[in-house]
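Trainee: sequence first, then the predicted structure, then my questions.
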Amino acid sequence: MSTTLTPTTESVLDRFYAALAAKDLDAMLNLCAPEARFWHNFDCVAQTLEQAASAWQQLFAGVEAMQLLDIRRSTVDDGLVQRHMFVMKLADGTCIGKPCCLFVSAENGLLTRIDEYIDLSSQLVLDDGVEITSGLPANCRVI
């Protein structure tokens with residue numbers, strides 16, 4: 001099956017991550033199919049929507065703010081691939097960034113699967129809230 005990167009596919013993913021940044025769990029859940037699965041490279045478990053929701057609540061409790069930077073997308077046969085820098089501001093004011101890559105599938109305007117590759121072996125501490133990656137301008141401010 002060939003999937004084109006449509007405005008709908010991009011829109012649902014944009015709304016999902018906007019809800020994540022706003023810590024709006026209900027909005028996130030409304031953008032996911034009931035049978036959606038969320039897989040991570042660090043545990044190789046395909047979480048159910050309920051399991052993912054629990055993990056998202058834990059994430060919300062541990063960070064003051066979140067955002068994605070340097071978002072780059074491409075189509076693949078069964079959806080899209082997205083690369084980004086996941087930036088989190090911790091309660092103590094420290095900003096950290098983690099490079100991520102997602103493979104995303106959606107049907108009928110709902111996310112059905114996200115396979116997330118995130119580097120947990122290290123973190124980038126972002127001095128003065130500024131981070132530079134290959135796709136970001138030098139003056140890009142984070143959080």
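Mentor: That came through fine.
Trainee: switch to C-alpha atoms for all contacts and neighbour counts from now on
Mentor: Will do.
Trainee: which residues sit in contact with the residue with the shortest distance to the centre of the chain?
Mentor: Among the residues of the chain, the one closest to the centroid is Y17, at 5.9 Å (C-alpha atoms, centre = their mean). Residues in contact with Y17 (C-alpha atoms under 8 Å, 6 or more residues apart in numbering) are 28, 68.
Trainee: confirm that it sits in a helix.
Mentor: Yes: membership of Y17 in a helix is supported by DSSP: H, G, I helix; E, B strand; the rest coil.
Trainee: do you know how far it is from D92?
Mentor: Per C-alpha to C-alpha, to the nearest Å, Y17 is found 23 Å from D92.
Trainee: likewise for F42?
Mentor: 26 Å.
Trainee: S74 too?
Mentor: On the measure of C-alpha to C-alpha, S74 and D92 end up 35 Å apart.
Trainee: comparing those two, which residue is more hemmed in?
Mentor: The neighbour count for S74 versus D92, taken as other C-alpha atoms under 10 Å, is higher for S74 (12 against 8).
Trainee: identify each buried residue in the host helix or strand of that one, please.
Mentor: According to DSSP states H and E, S74 maps onto strand 63-76. Buried residues in strand 63-76, counted by 16 or more other C-alpha atoms under 10 Å: 63-70, 73, 75-76.
Trainee: tell me which two of the residues you listed sit farthest apart.
Mentor: Greatest spatial distance among these (C-alpha to C-alpha): E64 and V76, at 33.6 Å.
Trainee: right, I'll leave it there.
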